[in-house]
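Engineer: Dropping the sequence and predicted coords here.
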Amino acid sequence: MGKSRRVQPCRRLSPTSIKPQPMTQNTALAYSGLADAITQCLFLGLIPTNIEPDRMTLPQPHAVLGTNEFAYDWYFAAGEAEFKRAIELDPNPATAHPGYAENIRALGGREQEALAEVTLAHELDPLSPIITQVIGSVRVSARQYDEAISVCQELEVENPTLPYAHDCLA
């Protein structure tokens, strides 16, 4: 598919053009998919990155922008501000907490803060294997190796075909 065919859908995905709808069981999956699509379009450079995130009232786009700032642009302060804004808008969804934990863990020196964030995420969604994998990686960074091995082995037993389970033990 040529770039011109990809640009139009991405322009329509701009977070500032989305009219917020009440979060319900029916709309949650759609918002999650929308956030992922926005991430891909931003990654491919097909929509502008000078978005005004303060106009967004949904937490997930802020979490996605936080990940982009940390992982792709290396603007750590801006990434942290986006994650904090996502959590401020709604402290209960488990999606912002593990992403924030994983990113501040990667910076080093903030492992205890990362562990607190991922523990909260695990309390909100105890069945998420991805959150469990983040717990393992944060525990490794905090040099809590025995706890990390235990968490990762349990994850692998419960999810033997999940790549994250094997990554956790690597």
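Structural biologist: Nice, I can see it.
Engineer: What about the spatially closest residue to N92 that is not a sequence neighbour, how many residues nearby?
Structural biologist: Excluding the flanking residues, the one nearest N92 by Cβ to Cβ, 6 or more residues apart in numbering is L124, at 6.2 Å. C-beta coordinates here come from the backbone N, C-alpha and C atoms, glycine included. Using other Cβ atoms under 10 Å, the number of residues around L124 comes to 17.
Engineer: residues contacting L124?
Structural biologist: Residues counted as contacts of L124 (Cβ atoms under 8 Å, 6 or more residues apart in numbering) are 92-94, 97.
Engineer: what ranges of the protein fall below the confidence cut-off?
Structural biologist: Residues of the chain meeting the criterion pLDDT under 70: 1-29, 31-32, 35-56.
Engineer: hmm, try it at 90
Structural biologist: Along the chain, segments meeting pLDDT under 90 span 1-76, 78-79, 86, 89-100, 102-103, 106-109, 124-130, 159-170.
Engineer: What ranges does it have for its helices?
Structural biologist: Chain-ordered helices for the chain, with DSSP state H as the definition, fall at 3-12, 25-43, 59-68, 76-89, 96-107, 111-124, 129-141, 145-158, 163-169.
Engineer: Buried ones from the contacts of L124, can you make that a ChimeraX selection?
Structural biologist: To isolate the buried ones among the contacts of L124 in ChimeraX, judged by 16 or more other Cβ atoms under 10 Å, type:
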select :93,94,97
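Engineer: Identify, from the contacts of L124, the entry nearest to G108.
Structural biologist: H97 (19.1 Å; Cβ to Cβ).
Engineer: which residues sit in contact with the residue nearest to that closest one when sequence neighbours are not counted?
Structural biologist: Excluding the flanking residues, the one nearest H97 by Cβ to Cβ, 6+ apart is A121, at 3.5 Å. A121 makes contact with 94, 97-98, 101, 128, 131, 134, according to Cβ under 8 Å, 6+ apart.
Engineer: Swap in 10 Å and give it another go.
Structural biologist: For A121, the contact set (Cβ atoms under 10 Å, 6 or more residues apart in numbering) comprises 93-101, 128, 130-132, 134-135.
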